[in-house]
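Visitor: sequence plus the predicted model coming up.
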Amino acid sequence: MRKAFFAAFFLVSTFLHAQQNPETWTLARCIEHAQKNNITIKQTELQLENSRADFDQARANRLPTINANANLSLNTGRVIDPFTNTFGERTIESNQLGLQAGLPIWTGLQITNNVKAQRYGFMANMKDLEVTRNNIGLSVANFYLQVLLAQELLEIAEAQLETTQEQVGRTEKLVNAGALSLDNLLNLKAQLGNEELNVINARNNVVNAQVNLALLLQLPDPENFRVVKPSRLDIGVVLQAEIDGVYQTALVNQPQIQAAELRTQQAQYSLAAAKGGRSPRLSAFANLSTLYSDSRLRTAGLPSLNGQETPIGYVQGNPTQIVVQPGFDVPTEIVPRANQFNDNLGYGFGFTLTIPILNNWQVNNQIQRARNAHSLTLLQLEGSRNQLFTDVATSVTNYRAAATRVEANERNVKAQNESYKFSELRFNEGMMNAVDYLNAKNRAQIAASNLLQSRFELLFRAKILDFYLGKPIVLN
């Protein structure tokens with residue numbers, strides 16, 4: 001009982017410690033974890049392994065093929081003896097062993113071109129994996145910033161609540177002293193209730209944002225999860241980002257473009273391999289075989305008389321005097337299996353030349369399909385470049401718009417704060433009613449929230465530009 005009590009106490013203490021000290025995650029750790037555990041990335045990695053197997057198989061096609069075969073047969077009834085080639089009424093056991101080898105010598109460079117095609121396909125799949133990891137990294141960064149934004153909005157809501165609580169306390173004293181009417185206090189208390197609700201909603205938003213990020217990371221315990229708030233958030237991208245400059249840089253470093261270029265080369269070598277089907281093929285072969293049968297016998301000792309006589313003729317001039325031959329029994333045994341395998345060993349080798357003449361138009365159709373596939377990869381490459389230009393242009397435009405919104409919100413916050421301070425001063429002096437004061441306070445709070453959201457949006461847009469410029473996704 002004492003051991004059970006201490007074990008339960010230890011588990012409860014560990015649980016409470018985990019709740020009081022949740023595990024903290026940086027953006028870099030979140031991205032690294034997602035890239036190791038995300039299901040989409042794992043699926044892409046398996047596709048890459050299949051591509052690697054195709055590449056290995058293409059290279060292995062240059063090697064000789066060696067195959068062995070063996071069979072054991074039991075033939076009962078009227079069967080043919082494989083040694084005497086005669087019929088017999090019995091059960092015959094026989095073994096056949098063989099070994100065949102083949103080596104391609106000339107295949108119209110099909111093997112060589114197919115190796116090159118599979119190599120470029122494998123490299124393209126590696127770039128696809130990089131694309132998937134980049135997309136997951138951007139998603140993680142977006143969710144991470146959503147958590148930070150929710151935390152910042154919670155701090156604003158808590159600060160506003162604290163300010164309103166202080167104002168309620170001051171107003172209550174003024175009302176009790178007769179300096180202000182009761183409706184001012186009632187309006188402030190109503191505002192206090194709204195701001196308490198805002199704090200609750202803001203806390204829920206923080207929890208929801210953390211859970212969404214934890215689910216994206218596929219963490220088993222989303223509630224025991226906290227993000228690390230950076231000491232500072234630096235945008236770090238020049239405001240005058242030009243679309244063409246970012247696009248030209250992205251053309252060089254974006255893996256989706258590299259993957260499309262590699263697939264055009266893969267299709268080019270696949271087309272060359274298909275054209276090789278018109279070429280003659282030369283291959284070498286060799287074989288080795290042997291067999292065994294339990295019908296093959298050999299003498300196992302000296303013959304002995306068996307008391308039987310067999311007529312073989314008669315005395316010349318006296319047909320009544322028959323000449324007989326005594327019968328003998330000759331002991332026999334089955335020739336051992338190893339001896340038969342050695343005696344019946346045979347081998348052969350040679351060359352095979354195949355010249356394609358007419359094969360139901362298969363080669364021409366394969367060439368046409370390969371040519372179409374090559375043209376398709378060229379169109380896909382052009383489409384990838386066009387899509388990249390569209391994405392870059394959209395990202396630069398969104399960044400500029402976000403920067404403009406930040407500037408406008410900063411001016412608005414400055415104006416609203418000055419208006420709020422002036423309204424607070426007048427309200428405290430009894431020169432403004434509570435409704436007008438609360439309106440000024442709410443406008444200042446909304447302006448602060450809008451500025452914060454616009455700054456986080458600008459930060460995310462900046463990280464997207466960093467991504468297209470080949471920079472890592474980090475928060476300073």
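Guide: Ah, there it is.

Visitor: once you drop chain neighbours, what's closest to Gly108?
Guide: Take Gly108 and drop its neighbours on the chain: the residue closest to it by CB to CB, 6 or more residues apart in numbering is Ser279, 2.7 Å away. For every residue, glycine as well, the C-beta is placed using N, CA and C.

Visitor: can you give me the helices in this protein?
Guide: Assignment of helices within the chain using DSSP state H yields the ranges 2-20, 27-37, 39-60, 110-176, 182-217, 243-253, 255-275, 337-343, 362-428, 434-468.

Visitor: return the most buried member of these.
Guide: The highest average neighbour count among the helices of the chain, using mean count of other CB atoms under 10 Å, belongs to helix 255-275 at a mean of 21.

Visitor: contacts for that one next, please.
Guide: Under the contact criterion CB atoms under 8 Å, 6 or more residues apart in numbering, helix 255-275 has outside partners 108-110, 113-114, 116-118, 120-121, 123-125, 127-128, 130-131, 134, 250-251, 363, 366-367, 369-371, 373-374, 376-378, 380-381, 384-385, 388.

Visitor: what of stretch 409-425?
Guide: The set of residues external to stretch 409-425 that reach it, using CB under 8 Å, 6+ apart, is 167, 432, 436-437, 440-441, 443-444, 446-448, 450-451, 454.

Visitor: try stretch 320-338
Guide: In this structure, residues lying in contact with stretch 320-338 by CB under 8 Å, 6+ apart are 95, 292, 294, 296-315, 343.

Visitor: still on that earlier bit, ok, which pair from the contacts of stretch 409-425 is furthest apart?
Guide: Using CB to CB, the contacts of stretch 409-425 reach their maximum pairwise distance at Met432 and Ser454, which is 29.6 Å.

Visitor: which residues touch the closest residue to Leu74 other than its chain neighbours?
Guide: Leaving out its chain neighbours, the residue that sits closest to Leu74 by CB to CB, 6+ apart is Glu93, at 5.5 Å. When contacts are counted by CB under 8 Å, 6+ apart, Glu93 is found next to Leu72, Ser73, Leu74, Ser293, Asp294.

Visitor: include pLDDT, distance to Gly470 and neighbour count when you put those residues into CSV, please.
Guide: Rendered in CSV, the data for those read as follows (pLDDT from 0 to 100; distance: CB to CB, whole Å; neighbours: other CB atoms under 10 Å):
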residue, pLDDT, distance to Gly470, neighbour count
Leu72, 87, 66, 9
Ser73, 84, 69, 12
Leu74, 80, 72, 10
Ser293, 84, 74, 21
Asp294, 81, 76, 16
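
Visitor: show the backbone phi and psi for Leu302.
Guide: The phi and psi values for Leu302, taken as degrees, to the nearest 10, are phi -80, psi 150.

Visitor: find the nearest non-adjacent residue to it, please.
Guide: For Leu302, the closest residue by CB to CB, 6+ apart turns out to be Pro331, at 8.0 Å.

Visitor: just to revisit the earlier point, could the helices of the chain be laid out in CSV, adding mean pLDDT and distance to Leu99?
Guide: Below are the helices of the chain laid out as CSV (pLDDT from 0 to 100; distance: least, CB to CB, whole Å):
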stretch, mean pLDDT, distance to Leu99
helix 2-20, 41, 65
helix 27-37, 89, 47
helix 39-60, 94, 20
helix 110-176, 89, 24
helix 182-217, 88, 56
helix 243-253, 91, 54
helix 255-275, 95, 31
helix 337-343, 87, 12
helix 362-428, 92, 32
helix 434-468, 86, 58
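
Visitor: let me have these in JSON lines, extended by distance to Ala68.
Guide: Compiled in JSON lines, the helices of the chain are given as follows (distance: least, CB to CB, whole Å):
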{"stretch": "helix 2-20", "distance to Ala68": "61"}
{"stretch": "helix 27-37", "distance to Ala68": "44"}
{"stretch": "helix 39-60", "distance to Ala68": "19"}
{"stretch": "helix 110-176", "distance to Ala68": "24"}
{"stretch": "helix 182-217", "distance to Ala68": "52"}
{"stretch": "helix 243-253", "distance to Ala68": "52"}
{"stretch": "helix 255-275", "distance to Ala68": "30"}
{"stretch": "helix 337-343", "distance to Ala68": "14"}
{"stretch": "helix 362-428", "distance to Ala68": "32"}
{"stretch": "helix 434-468", "distance to Ala68": "56"}
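
Visitor: right, and those helices - which one's nearest Asn287?
Guide: Within the helices of the chain, the stretch nearest Asn287 is helix 337-343; the backing value is 15.4 Å (CB to CB).

Visitor: ok now the closest one, how far from the chain's centre?
Guide: On the basis of CA atoms, centre = their mean, to the nearest Å, helix 337-343 sits 55 Å off its chain's mean C-alpha point.

Visitor: export only the CA atoms of that helix, formatted as CSV.
Guide: Once side chains and other backbone atoms are set aside, the C-alpha atoms of helix 337-343 remain, and they are given as CSV (Å, rounded to 0.1, in the frame of the first residue of the first chain):
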residue,chain,number,x,y,z
ARG,A,337,22.3,-39.6,-58.0
ALA,A,338,25.7,-37.8,-57.8
ASN,A,339,27.2,-40.1,-60.4
GLN,A,340,24.3,-39.5,-62.8
PHE,A,341,24.4,-35.7,-62.3
ASN,A,342,28.1,-35.8,-63.1
ASP,A,343,27.7,-38.2,-66.1
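
Visitor: coming back round to it: nearest to Asn67 among the helices of the chain would be which one?
Guide: Of all those, helix 39-60 comes closest under CB to CB, at 14.7 Å.

Visitor: who does that closest one touch, helix- and strand-wise?
Guide: helix 110-176 (3 or more CB pairs under 8 Å, 6 or more residues apart in numbering; DSSP states H and E).

Visitor: bridged to the closest residue to Asn287 other than its chain neighbours, which residues?
Guide: Closest residue to Asn287 apart from its sequence neighbours, by CB to CB, 6+ apart: Gln100 at 4.8 Å. Residues found in beta-bridge contact with Gln100 (criterion: DSSP bridges) are Asn67, Asn287.

Visitor: contacting residues for Gln100?
Guide: When the contact criterion is CB under 8 Å, 6+ apart, the partners of Gln100 are Ile66, Asn67, Ala68, Asn69, Phe285, Ala286, Asn287, Leu288.

Visitor: adding pLDDT and neighbour count, write those out as TSV.
Guide: Shown next, in TSV, are those (pLDDT from 0 to 100; neighbours: other CB atoms under 10 Å):
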residue	pLDDT	neighbour count
Ile66	94	11
Asn67	95	10
Ala68	94	10
Asn69	94	10
Phe285	93	15
Ala286	95	15
Asn287	94	15
Leu288	94	15
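
Visitor: can I get those residues in a markdown table with distance to Ala190?
Guide: Converted to a markdown table, the contacts of Gln100 look like this (distance: CB to CB, whole Å):
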| residue | distance to Ala190 |
| --- | --- |
| Ile66 | 90 |
| Asn67 | 89 |
| Ala68 | 92 |
| Asn69 | 93 |
| Phe285 | 96 |
| Ala286 | 98 |
| Asn287 | 99 |
| Leu288 | 100 |
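
Visitor: between the residues you listed, which sits nearest Arg52?
Guide: Out of the contacts of Gln100, the one with the shortest distance to Arg52 is Ile66. That distance is 24.3 Å, counting by CB to CB.

Visitor: roughly how far apart are the closest residue to that closest one other than its chain neighbours and Lys189?
Guide: The shortest distance from Ile66 to any residue other than its chain neighbours is 4.8 Å, reached at Ala101 (CB to CB, 6+ apart). Counting by CB to CB, to the nearest Å, the separation of Ala101 from Lys189 is 96 Å.
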